[in-house]
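**Student:** structure for the following, please:
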Amino acid sequence: MLLAAIILLPSVGALALLAIPGENKEMIRRATLAVSLVVFLLSIGLITGFDGKSSAWQFELNEPWISHPQINFHIGIDGISLWLMLLTTFLVPICLLASWHSIHEHVKAFFLLFLVLETGMLGVFASLDLFLFYVFWEVGLVPMYLLIGVWGHGRRVYAAVKFFLFTMAGSVLMLVAIVWLYQNGGTFDLPVLIRMAQAKTLDMGPGKESLLFLAFFIAFAIKVPLWPLHTWLPDAHVEAPTAGSVILAGVMLKMGTYGLVRFCLPLFPGAAAQHSGWIVALALIGIVYGSLVSLVQTNMKKLVAYSSVAHLGFVVLGIFSFNQIALDGAVYQMLNHGISTGALFLLVGMLYERRHTLMIADYGGVATPMPVLSSFFLFITLSSIGLPLLNGFVGEFLILLGVGQTSVTSAAIAATGVILSAAYLLWLYQRVFLQEVVHEENRHLQDLSMREKFVLWPLAVMALVMGVASPWFMRPMEPSTERVMREAGSAVQRVQNRAVPVNAATNNTATNRAATVRERFLPGQYRSLTVAARPGQSR
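**Tutor:** As a prediction, the model looks like this:
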């Protein structure tokens, strides 16, 4: 019941807001924030009651909902969805607090929609019934469409419609695949369908499996977004209000990568392996393309938006490498991206509220009047580019390490994204904060208020904690990623067979070294961030 309460409480709070007069904006803000904080505190109970050594579904609830067709309110979490639930409940109060003084029109509708959106996102990460998953998936679509279209900036209607059409097109394909699975499996229950897929009792030949896989994959790839399906993202981010950009980058994009792990790999392992080659290629293109395009952006929000294309390309690369280390890193990078990129959008939004421009050329020398904001911006920038001891390093390192065991070439190409991310983010920081003041308005900007500091401190602390205490987060995650790898066993074997080593002795040495790193790095086995040195080298 705890999990159901966490999912449904935001919508109950949204209904309660209807009783508050629209003119009483302060009460609306406080009531919404109170509801979101209660949901966050309840979600902490998921950590305390979670068995980190088990890969089984936990906090499971399975109640009949609709009899014909048989649809159950079946929810539950594992080590993967646990942290995505916590990420959602953690970011929503921060977004609401960040919107305290920036939303002036239709305040009641804005905060009500945010609570409905929270229910949709939480439901996606907890649903174990395919129809229920689809309902929650669509519940999150409408509020974000309205948040962009009503409270966004100049071209907000265009951006909102583009976001809606792209996402809806993918959703229709996924719905067709869900209906086919029900007709052939006789159930919407995800664990049952996965067992049937593993036992090969579903009527899926190679052709059908590929079509079903692609239907799910396209829906999730649009949400990620994976190149070349990314074109809606920069427009949505630029025109969205700050809170909309934060929750879109921090949580909603993870719905796509989560779907790849939860559905595409275990339900269609053969098709996943068959198509993994070109999917990895698209991920690599996204990493390099997103990074290069970020380098030439003149708009701060567009720069951060294209950086998401690159960072989430790393996640897709890790998922479809079919390597345990890379998959662990991919799941961890989902959380890292939510913290770091969410914080970057908050910082850009705070600059926008003072100067009412997103153009990089309109800034310069901001560090002098705003030393606190510039310090936060530098810290979050370093976390986003993967500085050791900060959160971004852990995920990217594990992904590159795992991918390197499958394809050194892919790992080398992906590594260029790390270098380029340092280039475009540090160059952004230099132009905005350190260059000579050209515009006199920049000399008199007000530094962060106490409310804004309160918004940013939790994100900065999490960036540090996730960098130095990664085993604490990964310990409950690893049994679930191992289960996903077992469920995708045929795909793993096929990809491993595809990666033929040039020299068996060299391959054994590389494997042993990677095993040593794995034993030192992940929870239970990994005890430090120190990579095992080669014989004769110091660590």
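**Student:** now the strand of greatest length in the chain: buried residues?
**Tutor:** Criterion DSSP state E: the longest strand present in the chain is strand 58-66. Across strand 58-66, burial judged by 16 or more other Cβ atoms under 10 Å covers 58, 59, 61. Any C-beta I mention is one placed from the backbone N, CA and C, and that applies to glycine too.
**Student:** by contact count, what packs against the helix or strand just after it?
**Tutor:** Downstream of strand 58-66, the next assigned helix or strand under DSSP states H and E is strand 71-77. On a contact count with 3 or more Cβ pairs under 8 Å, 6 or more residues apart in numbering; DSSP states H and E, strand 71-77 meets helix 2-17, strand 58-66, helix 107-126, helix 130-139.
**Student:** show residues contacting the longest strand of the chain.
**Tutor:** Outside strand 58-66, the residues that touch it by Cβ atoms under 8 Å, 6 or more residues apart in numbering are 1-4, 46, 49-51, 70-78, 128, 132.
**Student:** point out the most buried one among the helices and strands packed on strand 71-77.
**Tutor:** With neighbours defined as mean count of other Cβ atoms under 10 Å, those peak in mean count at helix 107-126, which reaches a mean of 25.
**Student:** let me know the angle separating it from strand 71-77.
**Tutor:** Angle of helix 107-126 versus strand 71-77, following axes from the mean of the first three to the mean of the last three Cα atoms, to 10 degrees, is 80 degrees.
**Student:** using CSV, write down the CA coordinates of helix 107-126.
**Tutor:** The C-alpha coordinates for helix 107-126 follow below in CSV (Å, rounded to 0.1, in the frame of the first residue of the first chain):
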residue,chain,number,x,y,z
VAL,A,107,-0.9,29.7,-10.7
LYS,A,108,-3.5,27.1,-9.6
ALA,A,109,-3.5,25.3,-12.9
PHE,A,110,0.3,25.2,-13.0
PHE,A,111,0.8,23.6,-9.6
LEU,A,112,-2.2,21.3,-10.1
LEU,A,113,-0.7,20.0,-13.4
PHE,A,114,2.6,19.5,-11.8
LEU,A,115,1.1,17.1,-9.2
VAL,A,116,-0.7,15.2,-11.9
LEU,A,117,2.5,14.9,-13.9
GLU,A,118,4.2,13.5,-10.8
THR,A,119,1.6,10.7,-10.6
GLY,A,120,2.2,9.9,-14.2
MET,A,121,6.0,9.7,-13.9
LEU,A,122,5.8,7.6,-10.7
GLY,A,123,3.3,5.3,-12.2
VAL,A,124,5.5,4.6,-15.2
PHE,A,125,8.4,3.5,-13.0
ALA,A,126,6.2,1.2,-10.9
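**Student:** would you map the strands across the stretch 101-250 of the chain?
**Tutor:** With DSSP state E, counting those that start in this stretch as the criterion, the stretch 101-250 of the chain has no strands.
**Student:** quick one, helices of it?
**Tutor:** For the stretch 101-250 of the chain, the helices defined by DSSP state H, counting those that start in this stretch occupy 107-126, 130-139, 141-151, 156-185, 190-199, 206-223, 232-239, 242-247.
**Student:** which one of these lies nearest to residue 361?
**Tutor:** helix 232-239 (15.8 Å; Cβ to Cβ).
**Student:** show me what the closest one packs onto, helices and strands only.
**Tutor:** helix 156-185, helix 300-319.
**Student:** what residues sit buried inside the helix or strand just after the shortest one?
**Tutor:** Right, the one you point to is helix 300-319. Where DSSP H and E defines the elements, the next helix or strand beyond helix 300-319 is helix 324-355. Using 16+ other Cβ under 10 Å as the test for burial, helix 324-355 gives 324-352, 354.
**Student:** helix 324-355 vs helix 300-319, what angle?
**Tutor:** 170 degrees.
**Student:** residue 84: how many residues sit nearby?
**Tutor:** Other residues within reach of residue 84, judged by other Cβ atoms under 10 Å, total 23.
**Student:** what sits against the closest residue to it other than its chain neighbours?
**Tutor:** Once flanking residues are discounted, residue 84 sits nearest to residue 125: 4.7 Å by Cβ to Cβ, 6 or more residues apart in numbering. By Cβ under 8 Å, 6+ apart, the contact set of residue 125 is 77, 81, 84, 85, 88, 255, 258.
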